[in-house]
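# Just the structure for this:
(chains A, B and C)
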Amino acid sequence: MSFLRTGLTRTLQIAALLALWQVVHFFTQSVFFTSPTEVFKAFWQLSTVGDMQGITLQKNLWTSFFRVLHGFLWGLATAVPLGVLLGLSNRAYDWLKIVIEPARFIPPLAWIPLAIIFLSGEARYAFIIWLGTFFPVLITTMAGVHSVDRSLWEVGKTFRGSTLQLIWKIVLPSSAPHIASGARLGLGTGWACIVAAEMIGGESVGIGRMIVNYGELIRLDAVVVGMIVIGLLGYALNELLLAFERYCFPWQQKVTL
Amino acid sequence: MNLSARKRLLILLTVALNVGTISAPSIAADAAPEMLKLKLGYNIGSLNREVFLETAFRQGFFKKQGLEIEDKGYAVGGQIVQDLVGRNLDVGLVGISPSLTGVARGGDIVVVASQVKNTAPLIARKSIKSMKELDGKKVGTPGISSIQETMLLYLEKQNGFKTTHVYGKATELVNYMEKGEIDAILAWEPVASQAVAKLDAHYLLNTAIEGAEASMVTMSGKMVREHPKEVVAFLRATRDTQLYIASHMDEVIAIAAEKTGIPADVIKNGMTRSKLFVLPHAINMDSVRLVAEIDIASGKLPDIKPADLDQFLRKAIDESFLKKSMY
Amino acid sequence: MSELVYTNINKTFTTVRGDTVVAIDNINLTVRDGSFVCLVGKSGCGKTTLLRMTAGLDVPSSGSITLNGEPIHGTHPKIGIVFQEDRLLPWRTIQKNVEFGLELAHVGAAERKEKALHYLDLVGLSRFSEAHPHELSGGMKQRAAIARALVNEPEVLLMDEPFGALDAQTRLQMQEELTQIYLRENRTIVFVTHSVDESVFLADTVVVLTPSPGKIQELVAIDLTRPRDRTAPEVIRYMRKIMAHF
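Purely as a prediction, here's the structure:
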């Protein structure tokens, strides 16, 4: 029953916000201030007919989504093993620190000129998204490994487990919630990068590309549609992964972010 | 230093920092007296900076008119118009298509003169012998808002072919073509000339429509209303620049070659094919009308009924300043 | 014969500031096979340190610990330990937790399962074999930890204040259950606690330790049948005897 009530409250809140927006638009009458009705019309147009090249909103969105997924999976595949290794071996970390530490502060977008020159096609996007995912996941994985409860490790020792056994049976399962959390954040950063990544150009499909195109044409209604859709999908993905985490690691008390 | 002294120092620093940043703009804004400072936007890689503005700066044509120019480069016309509409620019050397779009969307901007015509060359891989063969292929343009995009749509309609349009910075289009991501380019010179020099490509067209409008002098509405004299002065400066370029071609090309790193003959080839910077600044209204029609059909401009089109164009274009500038 | 002998055990620590602290000063003790020994004392008397050294998690500064005549170097397969925190692996079921030691020793799956279920039954957790630790109460989790230690069939079971984190009621109950387990299994148990009444209830011998430095003051033999009546006058007498040292 309370679920319905929350749903109703939320709907009313959104409706009130939209009404306010419409009123402000009416009063400002600025070329820069679009209105909910215009946004909705644009949304309808983009979903049914498509953009100026006839590509629908859905196609643009899913194209971008799969690009992000691609880069994200690569990010996981590279960052998690490396993060575990660096978390376990202080020596390895000291060694690689000189490369990793400065590198992770370079924003993914700064890599764009390099991406254009050295890569082509989908690889460019995968690379930028990979950058956005790799470093957050690497750092959280390392932190996860470091945060393994020493007392659990001791239990393993008293049962005379070898170091390898203990890593496999205690460290990894123990760090799993942290890695999952880091992966979720990494996906978030990757998703946030897609607009900028698609601004690279060299493509005609993609939600980021769509936003840039409509921005050039001062079609702010369509731009807002793109922004809302990106925000909603990012939110949905986050919630999905959170639910997944809660299911896999029921013993963890989490801060949901 | 004890805690309270440290706190005081921190507060002092914070206040000083804030005061400094607030007052900074006013300090920088002190231009020379009587000179009007204008913020100008141009398309990167279009030679508007390296040939047009460079010549004007070196010869002091703007200074002579009492104008001080602060120039900014943009990837494509649509972005120049964004800033013009948003009052971050006073004047743009920007395509007719994005300019019209800006006006149509309610932007307070006005087109006052033609700046550069043509510069819509179509180049393709040597294996593509005619436009019909472009059907189903990928063509790169500087952006959806550009006049070059409009010209491509025109050519497709006229010649019965359809392509996938790929957008990118003009300076990167050659790179994409080299990688095989696109098969042809329709972008401002000297991009086409560079592509032909660097890759196995050739010109299908020197320019889409001979004598068609491309880059315009577009001013913010504020500029036109509050500084009409300076608008005229600006156009005088641009005419002086053009005359100088026309009579000192090799000199300006050499300077541009040095600035861009593009070989002089490549620049010359592009400039010659598009007759850049040498055609008069009077606006070719037939061309403008054609561009408007194409853009309405493609959706770049909102639906304007034919009867209202003339009214729209009168709102968007004002040649009175140009007339005044002709001495 | 699982006789545990401590000979001239000394342990010194160097603090962060560089001072030397003598934690344990020349402790000698023999734990007979099958006996239940409690180490009782206030904090700082070295009782936990002694236990950890026996488990192989720490080393004496000098002296030796032997099991059946063999010196102990590090962890020993026949010595198990239960900590104050249950230290169960949260991602495993109770059964899988209990199997853990056997798993590390590469025992086969069928045998592991059989043994685990046997000991879960012993501690009364058969119904919860498929549950996860976070679903169990504190007392139940400790029982699982005990089962986990027992499943390896250790000769000596070390217990470091295993009921310290539980509420009073559960604690009393666990003491009774441990007594039952002891009577059934008859393993050697070395049990650390700071609770005098707990030690008298459980042990054959109570080793009274005083801190700074840790020294054995007295060995009190508890000559009573199990299970013991906590309120019986003899029990109270033993408690008084021990408490005289504090």
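# Can you name the residues of chain C sitting close to chain A?
Selection of chain C residues close to chain A by CB under 8 Å from any CB of the partner chain yields C:55-57, C:75, C:77, C:79-81, C:83, C:85, C:87, C:89-92, C:100-101, C:103-105, C:132-134, C:152. C-beta here means a position set from N, CA and C on the backbone, and glycine is covered the same way.
# hmm, 10 Å instead?
Neighbours of chain A within chain C, by CB under 10 Å from any CB of the partner chain: C:52, C:55-57, C:74-77, C:79-92, C:97, C:100-106, C:132-135, C:145, C:148-149, C:152, C:154, C:158.
# Just the ones of those residues in strands?
C:79-82, C:158 (DSSP state E).
# ok, of the residues of chain C next to chain A, which come out buried?
Buried subset of those (neighbour count, 16 or more other CB atoms under 10 Å in any protein chain shown): C:52, C:55-57, C:75-76, C:79-92, C:97, C:100-104, C:132-133, C:145, C:148-149, C:152, C:154, C:158.
# how many neighbours does whatever residue of the stretch 51-200 of chain B ends up closest to chain C have?
Per CB to the nearest CB, the residue of the stretch 51-200 of chain B with the smallest distance to chain C is residue B:181, at 47.0 Å. When neighbours are counted by other CB atoms under 10 Å in any protein chain shown, residue B:181 registers 18.
# ditto for the one 4 residues further on
Here the number of neighbours of residue B:185 (other CB under 10 Å) works out to 30.
# sorry, back to before: please narrow the buried ones among the residues of chain C next to chain A to those residing in helices.
Counting by DSSP state H, these place C:52, C:55, C:97, C:100-104, C:145, C:148-149 in helices.
# mind giving me TSV with these and columns for pLDDT?
Formatted as TSV, these follow (pLDDT from 0 to 100):
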residue	pLDDT
C:52	91
C:55	90
C:97	94
C:100	93
C:101	90
C:102	92
C:103	92
C:104	91
C:145	93
C:148	93
C:149	92
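# Can you list the low-confidence ranges for chain B?
B:1-2, B:19-33, B:327 (pLDDT under 70).
# Tell me which residue is most central in it.
residue B:94 (3.2 Å; CA atoms, centre = their mean).
# Now do the contacts for residue B:54.
Taking CB atoms under 10 Å, 6 or more residues apart in numbering or on different chains, we find residue B:54 in contact with B:47-48, B:241, B:245, B:252, B:255-256, B:259.
# domain assignment for the chain?
You didn't pick a chain, so chain A it is. Following automatic domain parsing, one gets these domains for chain A: A:1-33, A:34-248.
# wait, I meant chain C there
C:4-78+C:155-243, C:88-153.
# so which of the domains of chain A comes closest to chain C?
That would be, of the domains of chain A and by CB to the nearest CB, domain A:34-248, which comes in at 4.0 Å.
# is it true that residue C:98 touches residue C:126?
No - using CB atoms under 10 Å as the test, residue C:98 is too far from residue C:126 to be in contact (11.1 Å).
# neighbour-wise, which of those two wins?
Remark: of residue C:98 and residue C:126, residue C:98 carries more neighbours, 32 against 14, as counted by other CB under 10 Å.
# and the closest residue in space to that one that isn't next to it in sequence, what does it touch?
Leaving aside its sequence neighbours, residue C:98 sits nearest to residue C:116 (CB to CB, 6 or more residues apart in numbering or on different chains; 4.2 Å). Going by CB under 10 Å, 6+ apart, residue C:116 touches C:93-103, C:129, C:147-148, C:151.
# what two of those residues are the furthest from one another?
C:101 and C:129 (16.1 Å; CB to CB).
# Quick check: longest helix in chain C by residues?
Per DSSP H, chain C has its longest helix at helix C:168-185.
# Can you give me the buried ones in that one?
Applying a neighbour-count criterion of 16+ other CB under 10 Å, one finds C:170-172, C:174-179, C:181-182 buried in helix C:168-185.
# name the helices or strands packed onto whichever helix or strand comes after it?
On the C-terminal side of helix C:168-185, the nearest following helix or strand under DSSP states H and E is strand C:188-193. Applying 3 or more CB pairs under 10 Å, 6 or more residues apart in numbering or on different chains; DSSP states H and E, one finds that strand C:188-193 makes contact with strand C:20-31, strand C:36-41, helix C:47-55, strand C:79-82, strand C:156-160, helix C:168-185, helix C:196-202, strand C:205-210.
# helices or strands up against the longest one?
When you say that, I think you mean helix C:168-185. Counting by 3+ CB pairs under 10 Å, 6+ apart, helix C:168-185 packs on strand C:36-41, helix C:109-122, helix C:138-151, strand C:156-160, strand C:188-193, helix C:196-202.
# mind checking which of those is nearest residue A:139?
helix C:138-151 (32.7 Å).
# Give me the residue ranges of chain C where confidence is low.
In chain C, residues with pLDDT under 70: C:1.
# The residue nearest the centre of it bridge partners, please.
Against the mean C-alpha coordinate of chain C, by CA atoms, centre = their mean, the closest residue is residue C:159 at 1.5 Å. Per DSSP bridges, the residues bridged to residue C:159 are residue C:82, residue C:191.
# thought it was touching residue C:149?
Yes - the pair residue C:159 / residue C:149 is scored as a contact, 8.2 Å apart, by CB under 10 Å.
# Cheers, nothing more for now.
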